[in-house]
Structure formats: structure tokens, C-alpha cells
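Student: With the sequence up front, the predicted model follows.
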Amino acid sequence: MMMRNGGLPERLASHLEDSRVSGRPLGVLCLGMQGLRQLRIRAGYQAMDALLAEAASRVRGVLRPGDELVELGSGDFALVLPGLRDGSHAMLAASKLLRQFEAPIIADGQPVLAAVAVGIAMYPEHGDSAETLCRQAEQAMMQARQLPDRMLLGGTPVQSTSIDAAELLQAINAGQLLMHLQPIMDVRQRKVIGAEALARWEHPSKGTISPAVFIPVAESSGMISQFTRWSINACLQTVAEARAAGLPLVVSMNLSATAFAERGLVEQLLGGLRLWNAEPRDLVLEVTETAIVSDIQRGATQLRQLNAAGIRVSIDDFGVGNASVAYLKEFPATEMKIDQSFVTGMLGDLRSLQMVKAMIAFARQMGMRVVAEGVEDANTLEALGDLGCNLVQGWAVGRPEPAGELIARLARGG
């Protein structure tokens, strides 16, 4: 039996009641198809309709009497499988389902090899409500897309810290985002002369939300402009507060590839400097190699404009991106940041040590300052000084802390 959108929780609730009475487990399988938008663009809407119709037919072909199929839309299907023995039995059903898609589907005369993944949730093992089981199965399906066998038995709690664009916009407008700073030390002077700005989000009900969670949301939802605007103002406000406390603190601000590609970025930065009465030399923009090479011509133009305005540019995570030395000669970067994967533990790894040495020498030849991140002990700090590294950051220098606290501590001479 197959139903259209909206029937899954209701029908699942009915099956759950039967399973409670009989004491037999029940499985919920979510199957998702990928690449449908590309197919629609390449082959047209008629081919898409044919593909989905054939996919539904193949899924229907594995159903037992009493099983139910729900078409969720956009190439997603859910199967309710009552009377399963256990999770292993459900995995066998998922494997059988995946085999249905090993052969290409002929869609409007074109062979299409559909990429599918299956997630599984079991009653009572993974939940006792329709809502919980549906979410568990769908989360497992999303995770299964990254696995070689493309199927996964659920059980990982659904992430309560997941957020959407509306929550992020509200956080920006309500002042929930905070600026933390990680100090950067001048190796020769043994003095903190700058800091890297790091956004933090304290959600009123979900607690601390990592930038690794909310920045991708900003990028994928088209909200990167709002987040970048907040970042610029928060960084420059920090610069102004440091100046007011008698500290000439240089703040480094991270720019993702998406933010770097935004139109009007240079004008927005210059406007922020005027608003906060800050000097261009007080700001360093950290741009990854990936951001630079994603659009060579545009990236070069942006960097030249920033350089002409007096804003320094640092190539972040150097050595782990996809730029080549040939690309770097085109860009007027003033600073190179060596990724912590090379720095941490370099004293016990000759190859890492030699690579750090080579990168420092290369940067000096190009007229760039060098910042090493991930410095966790005094011995590494000393070795980097001997190699001619200009600046360092890491736990040996200081951990990230609220901007106001770092400024107050430095003003006291701490």
C-alpha cells in the first residue's frame, strides 16, 4: 500500500499501537534519492517524473503484505515494516531495498543510475512515538549518504542543537552572538599584539552552538551578508574598545569563501572603519586558499582593493587548501598563516618541521609575515622563533576568551 505526503505519522501511530499490544518490534525505513535537481536541469521535467514513478515501483516491489509505503516527495520515501524480529532484520530489508537501485532506471529514454541511501529506526529500541521514530530514521538516512554501504541503523539522538536560518537571524538581531578573542603574540617581543576574532553563540535554550554549526547555515541560507556585517562591526567595535583602553590591538577576522565572494565587501569594510573610527592597519582579514582560487580574477581584484585601502590580508590555513605557489604570486597578501596540523607536534615529526621551515622561508621571500597557529608548548614557541616565525597563537599563548575580558587583562598588563 502506498500513501502520499502527510500520512506517515498517522499510519505509524496505528502500527505502533499494534506493536505495543503484540510486543513485536517495528521498523521505519527512510529512503532518499540524491542528484534530482541536476537530473531535472540536464534531462527535463518529463525525465524526472519518469524516474520518480519507476523508483516508487521498485520500492513497492519489496513490500510484504502489511507493509506500507509513503511517498514523502522530492525523491524521499518512507516504509513502515511491522513484525520485524530486530535491527538485523531491518538491515536485511534495507539491503534488499538498495539492491533495487543497482540497475539504471530508464527515464524518458535515458539511463539514470540513482544514488540512494536508507536510514532505519526501530520500535521500541529507538523510540516509542511516531514523531521520534520518523526523525530518527530520517537522520540516519542523512548520515548514511556518507557511508560506503549507504545504509545505517539509527540510535544517535536527534541533534537538539540543530538550528535554522530564522533562528540565526533572530540571534544576530537579538545580540545573542558574542565575540571572543584568541591572543596572537609577537615572537621576538614576547608580547601580545593582536588577536583572532571568533564568533560564539549562546542560545537561550540550546546553550552554546559551535560556529561549525551556524556558519554553514549562514552560507547555505543566503544569510552570509548579515553574518559578515555583524562580524565586521563586532571586530571593529573591539578595535575601538582596545584603543580606548590604550591598547593598539590588531584584530584578525575570518572570511569564508562565500563571504569573500560577496559583492560590496570592500565598501562594507571601509564603511565600518569610518563608523568605528578605526585605522585600516588595525584589521587583518583571514582568507582561505579555497576562497582565493574559487574565482581567481575576482579574488585578485578584491585583494588588491583591500591592500590599496591599507587593510592587511592573511592567507589562512596555508598548506591545506588547493592553491599552488603559482596562484599565490598573483595576490598581494601581507601575511601567511601556517595551519596547526603542521605546527602541533612538529618537534616530534621531522617532516612537519621541515615543511614549517620551508613555508616560513617561502613567506619571507614573498615579503609576508608568518603566523603559526596551534602552538601548545614553550619548546615549539622557541623553535618557531629560531626559524624566523613572526607571530604565534595557540594554548601556549592563550585560549579564546570574551573580547572584553582579554582587553581588560591586557590593559592591566596581564
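Tutor: Sure, I can see it. Residues are numbered from 1 along each chain as shown.

Student: drop to CA atoms for contacts and neighbour counts, all remaining ones
Tutor: Noted.

Student: Pull the residues that contact whichever helix in the chain runs longest.
Tutor: For the chain, the longest helix by residue count, based on DSSP state H, is helix 224-244. With contacts defined as CA atoms under 8 Å, 6 or more residues apart in numbering, helix 224-244 is touched by 169, 172, 179, 197, 199, 215, 218, 248-251, 253, 255, 258-259, 262, 268-269, 272-273, 276-278, 282-283, 403-404, 407.

Student: for the residue lying closest to L255 once chain neighbours are set aside, what are its contacts?
Tutor: Closest residue in space to L255, ignoring its immediate chain neighbours: V287 at 5.4 Å, by CA to CA, 6 or more residues apart in numbering. Neighbour list for V287: N254, L255, S256, A257, F260, V313, S314, I315, D316 [criterion: CA under 8 Å, 6+ apart].

Student: Count the neighbours of the third one for me.
Tutor: To tie it back to what came earlier, the one meant is S256. 17 (other CA atoms under 10 Å).

Student: now the fifth one
Tutor: With neighbours defined by other CA under 10 Å, the count for F260 comes to 24.

Student: Likewise for D67?
Tutor: D67, neighbours per other CA under 10 Å, totals 17.

Student: so how far is S252 from it?
Tutor: Using CA to CA, to the nearest Å, D67 is found at 58 Å from S252.

Student: Ok, A242 next?
Tutor: 14 Å.

Student: Equivalent analysis for Q34, please.
Tutor: Per CA to CA, Q34 is found 39 Å from S252.

Student: Just want to know which of the two has more residues nearby.
Tutor: S252 (23 against 15).

Student: Point out the other helices and strands that the helix or strand encompassing that one packs with.
Tutor: Element membership for S252, per DSSP states H and E: strand 250-255. Here strand 250-255 touches strand 191-203, helix 224-244, strand 283-288, going by 3 or more CA pairs under 8 Å, 6 or more residues apart in numbering; DSSP states H and E.

Student: With distance to G119 added, can I get those in JSON lines?
Tutor: Output for these, formatted as JSON lines (distance: least, CA to CA, whole Å):
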{"stretch": "strand 191-203", "distance to G119": "29"}
{"stretch": "helix 224-244", "distance to G119": "31"}
{"stretch": "strand 283-288", "distance to G119": "35"}
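
Student: and among those, the most buried is which?
Tutor: Highest mean neighbour count among the helices and strands packed on strand 250-255 (mean count of other CA atoms under 10 Å): strand 283-288, with a mean of 23.

Student: what about the strands in the stretch 101-250 of the chain?
Tutor: Ranges of strands in the stretch 101-250 of the chain, per DSSP state E, counting those that start in this stretch, are 105-107, 110-112, 115-123, 151-153, 177-186, 191-203, 207-209, 250-255.

Student: quick check, distance from the last one to the centre of its chain.
Tutor: Using CA atoms, centre = their mean, to the nearest Å, the distance from the centre of strand 250-255 to the centre of the chain it belongs to is 19 Å.

Student: Use 38 as the first number for this chain going forward.
Tutor: All right, first residue 38 from here; so that's strand 287-292.

Student: List the contacts of I444.
Tutor: E278, A279, A282, L284.

Student: where's it relative to G431, distance?
Tutor: In terms of CA to CA, I444 sits 17 Å off from G431.

Student: How about L284?
Tutor: Taking CA to CA as the measure, L284 falls 21 Å from G431.

Student: Between the two, which is the more surrounded one?
Tutor: More crowded of L284 and G431, by other CA under 10 Å: G431, with 21 against 17.

Student: Verify the stated contact: the more buried one with V408.
Tutor: No. Judged on CA atoms under 8 Å, G431 makes no contact with V408 at a distance of 10.6 Å.

Student: which strands and helices sit next to the host helix or strand of M396?
Tutor: In the assignment (DSSP H and E), M396 maps to helix 387-402. With contacts defined as 3+ CA pairs under 8 Å, 6+ apart, helix 387-402 has these neighbours: strand 372-375, helix 377-380, strand 406-410.

Student: Centre of the chain to the second one, how far?
Tutor: Here helix 377-380 shows a centroid-to-chain-centroid distance of 20 Å under the convention CA atoms, centre = their mean.

Student: outside of that helix, which residues touch it?
Tutor: Here helix 377-380 makes contact (CA under 8 Å, 6+ apart) with D354, S389, L390, M392, V393, A409, E410, G411, V412, T417.

Student: at 10 Å what do you get?
Tutor: Applying CA atoms under 10 Å, 6 or more residues apart in numbering, the contact partners of helix 377-380 are 354-357, 383, 386, 388-393, 409-413, 417-418, 421, 430-431.

Student: With adjacent residues omitted, what lies nearest to L66?
Tutor: Excluding its sequence neighbours, the residue lying closest to L66 (CA to CA, 6+ apart) is I157, at 4.6 Å.

Student: list the contacts for that neighbour?
Tutor: 64-68, 115-116, 124, 127-128, 130-131, 163, 170-171, 173-178, 181, 188-192.

Student: Could you do D123 as well?
Tutor: Applying CA under 10 Å, 6+ apart, we find D123 in contact with R61, P62, L63, G64, M159, Y160, P161, E162.

Student: hmm, 8 Å instead?
Tutor: P62, M159.

Student: Would you list the phi and psi of it?
Tutor: Phi and psi for D123, reported as degrees, to the nearest 10, are phi -170, psi -170.

Student: pLDDT wise, what is it at?
Tutor: At D123, the model reports a pLDDT of 88.

Student: domain assignment for this protein?
Tutor: 39-190, 202-448 (automatic domain parsing).
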